[in-house]
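Chemist: coords please:
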Amino acid sequence: MAIQWFPGHMHLTRQAIAERIEDIDVVIELLDARLPGSSANPLLAQLTRRKPALKILNKQDLADTQRTREWLAHYNAQPATRAIALDANQAAAARRLIQACRELAPSRVGMARPMRVLICGIPNVGKSTLINTLVGKRAARTGDEAGITRIEQRIVLEDDFYLWDTPGVLWPRIIVAQSGYHLAASGAIGRNAFDEHEVALELLAVLLRAYPVSLAQRYQIEIDGLNEEAVLAAIARRRGAVAARGQLNLHKASEALIHDFRCGGIGRITLETPQEFALWLEQGKVLDANRQARKEQLVQERMISLPRKRSVPRRPSGP
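Modeler: Got it, this is the predicted structure:
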């Protein structure tokens, strides 16, 4: 199953970022510390290239500590990039991003040259929570569903520090299959865009490989020799997800597993390492290139036709 989710307002967000970026000094991208590679938006990387970048691994309290260190080292090794891990609801930790931005753009200081920062990221990664923590009041709406923020807004964090918040944005095509499942498990994708049972099985594949002890302890089950389907069935029995005539309610068990992952009930889990994600990305690029080549061949053979692109009205010139 290919998981894709790109609501209409995300097209507007992409356009807004493209127009705003020329006046921005530092770009903050909020990542989910449990899936840093999958939650790093390649579309944002294209739109914000050549700008100093601050990568924030949010929800570190839910992530594997050792794997978080690996991801921080990975991003900090990139040019003009800083990476820090924090919990968005802790004020002292959140204030670290202001200092990190000033270090990335040291010439931007004072009212004559104020710091102008754009903060962006995928849906439901914790942007609004972080902003509210920084401001000390409810400046942005929060929620546990993807796509809460819908409009761009400017927020003054200090007299010479301006922050532009943008709606969460995914990319039109997710070429890494594992990323689609990880994003769905984290809550970054609307629940109507994926099947909980299939996502739960993919999540169990990671847990059985990397966190078998945590999985067994959480549900008090013996998992040796069991595959993903068998483990999910065992979870259903332990949770009393049994329908009439003794049939297991695997959908309910899948929802329980995903909820437990999201809230940290299984333990501190990170679904991918930098090395794993790099391999998946290369494989995804090859598969995507093959799909595109096949599509172009079918167009040339007149077996399919591509939709006509709609023209985008140009912004009027002048004041």
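Chemist: check which helix or strand the nearest residue to residue 259 once chain neighbours are set aside maps to.
Modeler: Nearest residue to residue 259, sequence neighbours excluded (C-beta to C-beta, 6 or more residues apart in numbering): residue 265, at 7.4 Å. (Each C-beta comes from the backbone N, C-alpha and C, glycine too.) Using DSSP states H and E, residue 265 sits within no helix or strand.
Chemist: is residue 265 in contact with residue 218, as I believe?
Modeler: Yes - at 6.4 Å, residue 265 counts as touching residue 218 under the criterion of C-beta atoms under 8 Å.
Chemist: neighbour count: those two, which is higher?
Modeler: residue 218 (18 against 15; other C-beta atoms under 10 Å).
Chemist: and that one, how close does it get to residue 61?
Modeler: Separation of residue 218 from residue 61 (C-beta to C-beta, to the nearest Å): 17 Å.
Chemist: ok, now residue 274?
Modeler: The gap separating residue 274 from residue 61 is 20 Å, by C-beta to C-beta.
Chemist: please report phi then psi for the closest residue to residue 186 other than its chain neighbours.
Modeler: With sequence-adjacent residues excluded and distances taken as C-beta to C-beta, 6+ apart, residue 186 is closest to residue 32, at 5.4 Å. Dihedral angles of residue 32 (phi, psi; degrees, to the nearest 10) stand at phi -90, psi 120.
Chemist: cool, and residue 78?
Modeler: Dihedral angles (degrees, to the nearest 10) for residue 78: phi -90, psi 150.
Chemist: got the contact list for it?
Modeler: residue 53 (C-beta atoms under 8 Å, 6 or more residues apart in numbering).
Chemist: one more time with 6 Å, if that's ok
Modeler: With contact taken as C-beta atoms under 6 Å, 6 or more residues apart in numbering, residue 78 is in contact with no other residue.
Chemist: how about the one 4 residues further on?
Modeler: Under the criterion of C-beta under 6 Å, 6+ apart, the neighbours of residue 82 are 54, 100, 104.
Chemist: quick check: which element contains it?
Modeler: According to DSSP H and E, residue 82 maps onto strand 81-86.
Chemist: average pLDDT across that strand?
Modeler: Average pLDDT, strand 81-86: 96.
Chemist: what's the answer for stretch 126-145, then?
Modeler: In this model, stretch 126-145 carries a mean pLDDT of 71.
Chemist: and the residue nearest the centre of the chain, helix, strand or coil?
Modeler: Nearest to the geometric centre of the chain sits residue 39, at 2.9 Å (C-alpha atoms, centre = their mean). Of the three states, residue 39 takes coil under DSSP: H, G, I helix; E, B strand; the rest coil.
Chemist: per-residue pLDDT, it?
Modeler: The confidence metric pLDDT takes the value 95 at residue 39.
Chemist: my read is that it contacts residue 33, right?
Modeler: No - contact status for residue 39 versus residue 33: not in contact, 8.8 Å apart, counting by C-beta atoms under 6 Å.
Chemist: what touches both of those two?
Modeler: Both residue 39 and residue 33 lack any common contact, where contact means C-beta under 6 Å, 6+ apart.
Chemist: follow-up on the earlier one: the residue nearest to residue 186: how many residues sit nearby?
Modeler: For residue 32, the count of nearby residues is 28 (other C-beta under 10 Å).
Chemist: before we move on, what about residue 223?
Modeler: 18.
Chemist: over to residue 19?
Modeler: Neighbour count for residue 19, taken as other C-beta under 10 Å: 12.
Chemist: so it, which state does it fall into?
Modeler: Per three-state DSSP, residue 19 ends up helix.
Chemist: paired strands for the strand holding residue 82, with orientation please.
Modeler: Looking at strand 81-86 with DSSP bridges, its partner strands are strand 53-58 (parallel).
Chemist: tell me the first helix or strand C-terminal of the partner strand.
Modeler: Using DSSP H and E, the next helix or strand after strand 53-58 towards the C-terminus is helix 65-76.
Chemist: how far away is residue 265 from residue 180?
Modeler: Counting by C-beta to C-beta, the separation of residue 265 from residue 180 is 23 Å.
Chemist: which parts of the protein are helices?
Modeler: Secondary structure of the chain, counting by DSSP state H: helices at 8-20, 42-47, 65-76, 91-94, 96-104, 127-135, 177-186, 196-210, 212-219, 228-238, 250-263, 274-300.
Chemist: could you say which of those is packed most deeply?
Modeler: helix 177-186 (a mean of 25; mean count of other C-beta atoms under 10 Å).
Chemist: other SSEs contacting it?
Modeler: Helices and strands touching helix 177-186, by 3 or more C-beta pairs under 6 Å, 6 or more residues apart in numbering; DSSP states H and E, are helix 196-210.
Chemist: show me what the mean pLDDT comes to for the helix it packs on.
Modeler: 97.
Chemist: one step back: which strand residues bridge the residue nearest to residue 186?
Modeler: Judged by DSSP bridges, the bridge partners of residue 32 are residue 58.
Chemist: kind regards, and thank you for your time.
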